[in-house]
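S.K.: okay, predicted coordinates and the sequence, questions at the end:
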2 protein chains.
Amino acid sequence: MSTLESRIDALLAPVAPSMERMRTVLSEQVRSDSGSVRDMTDHVSRFRGKQLRAAMVLLTGEALGTTTDEHPTVAAIVEMIHLATLVHDDVLDGSTMRRRVACVNERWDNQIAVLLGDFLYARAFSLSTDLRSRLVSKVLADTTRTLCVGEIEQATKRFDFELTQATYEAICSAKTGSLYSAACELGARYPERDVAFGAAMARYGAEVGLAFQIVDDCLDVAGEEAIVGKTVGNDVEDGKITLPVLHAWRMGDERVRAAMREVYTQPGEGRRIERLRKACNLVAGVDYAMARAHELVESARGRLRALPASAARDSLDAIAQFTLERRF
Amino acid sequence: MSTLESRIDALLAPVAPSMERMRTVLSEQVRSDSGSVRDMTDHVSRFRGKQLRAAMVLLTGEALGTTTDEHPTVAAIVEMIHLATLVHDDVLDGSTMRRRVACVNERWDNQIAVLLGDFLYARAFSLSTDLRSRLVSKVLADTTRTLCVGEIEQATKRFDFELTQATYEAICSAKTGSLYSAACELGARYPERDVAFGAAMARYGAEVGLAFQIVDDCLDVAGEEAIVGKTVGNDVEDGKITLPVLHAWRMGDERVRAAMREVYTQPGEGRRIERLRKACNLVAGVDYAMARAHELVESARGRLRALPASAARDSLDAIAQFTLERRF
């Protein structure tokens, strides 16, 4: 086990039994009576990942002393929505490797990936309708809508170097921050506390999620494939203008900008990411973006100070910090 | 207005004001604050279709005397789920025909279609969580899951001439019958009647839906493009073995079967549907499948006899009958 993996395990210690229950619910739920669907969901469950969103549901409940016996199910539902978005993302950007496991769309085809994502969404909503409270159905239906709108907005802004940082952040908040925010909100409010009770935790989640996305975008331009565990340079291949690129553009003169535009729009020799590294000062872009991520993480950590001291609160604090340190 | 269109209008007369309210809810809901999403949903709402599923919610409520002021919203939600499946179906068929050509423009279309379908599903679930009763969320989450499993099973059975009629019907019931069935069940049960109360109507819906799909499959091999209003022969291009084809296969000798297999699997001159018509007795296959559809429609109409006489019941009866007569 790597140092980072054992650090994550330590972060999850305050909710280890609930995480185990969450995993049991998750694996029961993604199974299906249909043999072919089961093969696929078995495959998907191999890209398990860090399950941070589920952990945030449970840690928030723990930190606020509001945990119920249904919290592990709520956490599993959040994780299923996340899995569904991953499967659909794979159709979108045509990437071939995720966490070193072949993506659904490579192993089967786009058709299956679309249907499997739909199946996971439906399973998640179906499970949410069995809970005592309607809060999860309500919050996650709205979150899923926000997620989709964020992804659609992002798709329409491809190749747009005139994108503002505010628009970039609004898109990232919608497509990534919203599910982190919902996880923390549900951990706090479930089953029936009002929206004010969850507001601070929702904001903590939104800031951590936005920071997470910014770091992800930095890794895509600056990370090493062997460490990141997935192909890097996808964003430039897809025409996405992310914060490090946007900053390099803003800092660049006319010549730099012309070169960047050419990398994004013209076919050329070699991978686009290599050409982009030569065309502009990506290192400065990454520094700028990481500084913004730091700012968000500090703000998120500040929100935790209102909570009573506990191991769960410390873990939430460390998760925020971890966002900045991860290299994958 | 064609004779058929005016006949459909006549069928909907008993619920005309509720259908109007349903359409208002539908167009309000598919709008979004995001300009780009709105452009797309505006486009989607142009392929409005006959809105039979929504009509079945309202007619069932009317026929059973159980209509509430929320029934038009329930009907709009059912119609949104249907729209979402249409949008995702377009990705599916497209991806099969394109055979994974990774051209940017095509990817863009797929990307948007996946997200737009997700948006419509999410909007539908979100709206269902605003209703007084949880029944709609519950029934439609389960229905959506069934729908996806049916589509996945269908995808894995492509090119499989050993498919049994029972498996074919189970797949069609899942991918098409389930939403018709849910529409009638919800019309009957909403907001809080128990499952027994809706059972007969759910079965009526399931039979009409299955008949509808069988007729659809017949039109795809036997229809004329000018009348059907879309390309025919898609199923054979996609490798789908439908009931008329299955029957022709069962009736064929070794020579016929070899020819059919060749049409499905080998590239050849001209469109596959033309070659299939030459390879086997598709006319006999269509006759057999249509007889099965007739049987289902008769059974569905029988279930209506338990209801008190009303204009709405007559419309449900006529809708079942219409399934067999439509040529588009």
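M.R.: That came through fine. What you see is a predicted model; the values in this text were computed from it and never measured.
S.K.: for the closest residue to A:Val283 other than its chain neighbours, give its distance to B:Met290.
M.R.: Leaving out its chain neighbours, the residue that sits closest to A:Val283 by C-beta to C-beta, 6 or more residues apart in numbering or on different chains is A:Ala222, at 7.6 Å. Heads up, the C-betas are built off the backbone N, CA and C, glycines and all. According to C-beta to C-beta, to the nearest Å, A:Ala222 and B:Met290 sit 63 Å apart.
S.K.: now A:Ala63
M.R.: From A:Ala63 to B:Met290 the distance is 64 Å (C-beta to C-beta).
S.K.: which one of those two is surrounded by more residues?
M.R.: A:Ala63 (27 against 18; other C-beta atoms under 10 Å in any protein chain shown).
S.K.: neighbouring contacts of the helix or strand encompassing the more buried one?
M.R.: Following DSSP states H and E, one finds A:Ala63 within helix A:52-64. The set of residues external to helix A:52-64 that reach it, using C-beta atoms under 8 Å, 6 or more residues apart in numbering or on different chains, is A:11-12, A:14-15, A:18-19, A:22, A:26, A:67-68, A:71-72, A:74-76, A:78-79, A:82, A:179-180, A:183-184, A:186-188, A:190, A:201, A:205, A:208, A:304, A:307-308, A:310-313, A:315-316, A:319.
S.K.: run a quick neighbour tally on A:Ala182.
M.R.: 28.
S.K.: contacts only, for it.
M.R.: Contacts for A:Ala182 (C-beta under 8 Å, 6+ apart) come out as A:78, A:139-140, A:143, A:202, A:205.
S.K.: what does the stretch 101-250 of chain A put close to chain B?
M.R.: A:109-112, A:114-119, A:121-123, A:125-126, A:128-130, A:134, A:137-138, A:141-142, A:144-145, A:147-149, A:151-153, A:155-156, A:239 (C-beta under 8 Å from any C-beta of the partner chain).
S.K.: buried subset of the residues you listed as a PyMOL selection?
M.R.: Buried residues among those (16 or more other C-beta atoms under 10 Å in any protein chain shown), as a PyMOL selection:
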select buried, chain A and resi 109+110+111+112+114+115+116+117+118+119+121+122+123+125+126+128+129+134+137+138+141+142+144+145+147+148+149+151+152+153+155+156+239
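S.K.: which ones among the residues of the stretch 101-250 of chain A next to chain B lie within strands?
M.R.: Judged by DSSP state E, these include no members of strands.
S.K.: sec struct for A:Thr67, please.
M.R.: Three-state assignment for A:Thr67 (DSSP: H, G, I helix; E, B strand; the rest coil): coil.
S.K.: that one contacts A:Pro17, doesn't it?
M.R.: No. Using C-beta atoms under 8 Å as the test, A:Thr67 is too far from A:Pro17 to be in contact (11.0 Å).
S.K.: tell me which of the two has more neighbours.
M.R.: Neighbour count, other C-beta under 10 Å: between A:Thr67 and A:Pro17, A:Thr67 has more, with 20 against 10.
S.K.: now the more buried one: closest residue in space that isn't a chain neighbour?
M.R.: Using C-beta to C-beta, 6+ apart and skipping the chain neighbours, the partner closest in space to A:Thr67 is A:Gly61 (3.8 Å).
S.K.: how near is the one you found to A:Thr24?
M.R.: In terms of C-beta to C-beta, A:Gly61 sits 18 Å off from A:Thr24.
S.K.: next: A:Ile77.
M.R.: Applying C-beta to C-beta, the value for A:Ile77 to A:Thr24 is 14 Å.
S.K.: ok, these two, which is more surrounded?
M.R.: A:Ile77 (28 against 12).
S.K.: isn't that one up against A:Ala124?
M.R.: Yes. With contact defined as C-beta under 8 Å, A:Ile77 counts as touching A:Ala124 (5.0 Å).
S.K.: ok so, going back, quick check: mean pLDDT across the helix holding A:Ala63?
M.R.: The predicted model gives helix A:52-64 an average pLDDT of 97.
S.K.: show me the shaky parts of the stretch 151-300 of chain A.
M.R.: A:225-230 (pLDDT under 70).
S.K.: which residue does it bring closest to chain B?
M.R.: Closest residue of the stretch 151-300 of chain A to chain B, C-beta to the nearest C-beta: A:Thr156 (4.3 Å).
S.K.: residues contacting that residue?
M.R.: B:Ser36.
S.K.: how close does it sit to B:Leu116?
M.R.: Counting by C-beta to C-beta, the gap from A:Thr156 to B:Leu116 is 12 Å.
S.K.: just A:His247 next, same as before
M.R.: Taking C-beta to C-beta, one finds A:His247 at 31 Å from B:Leu116.
S.K.: now A:Val221
M.R.: Distance from A:Val221 to B:Leu116, by C-beta to C-beta: 29 Å.
S.K.: kindly report the same for A:Ala84.
M.R.: From A:Ala84 over to B:Leu116 the distance is 15 Å, taken as C-beta to C-beta.
S.K.: ditto for A:Cys218
M.R.: Distance from A:Cys218 to B:Leu116, by C-beta to C-beta: 29 Å.
S.K.: can you tell me the centre-most residue of chain A?
M.R.: A:Thr176 (4.9 Å; C-alpha atoms, centre = their mean).
S.K.: once you drop chain neighbours, what's closest to that one?
M.R.: Leaving aside its sequence neighbours, A:Thr176 sits nearest to A:Gln213 (C-beta to C-beta, 6+ apart; 4.0 Å).
S.K.: the helix or strand that that neighbour is a member of to helix A:52-64, inter-axis angle?
M.R.: Assigned by DSSP H and E, A:Gln213 belongs to helix A:195-222. Between helix A:195-222 and helix A:52-64, the angle comes out at 140 degrees (axes from the mean of the first three to the mean of the last three C-alpha atoms, to 10 degrees).
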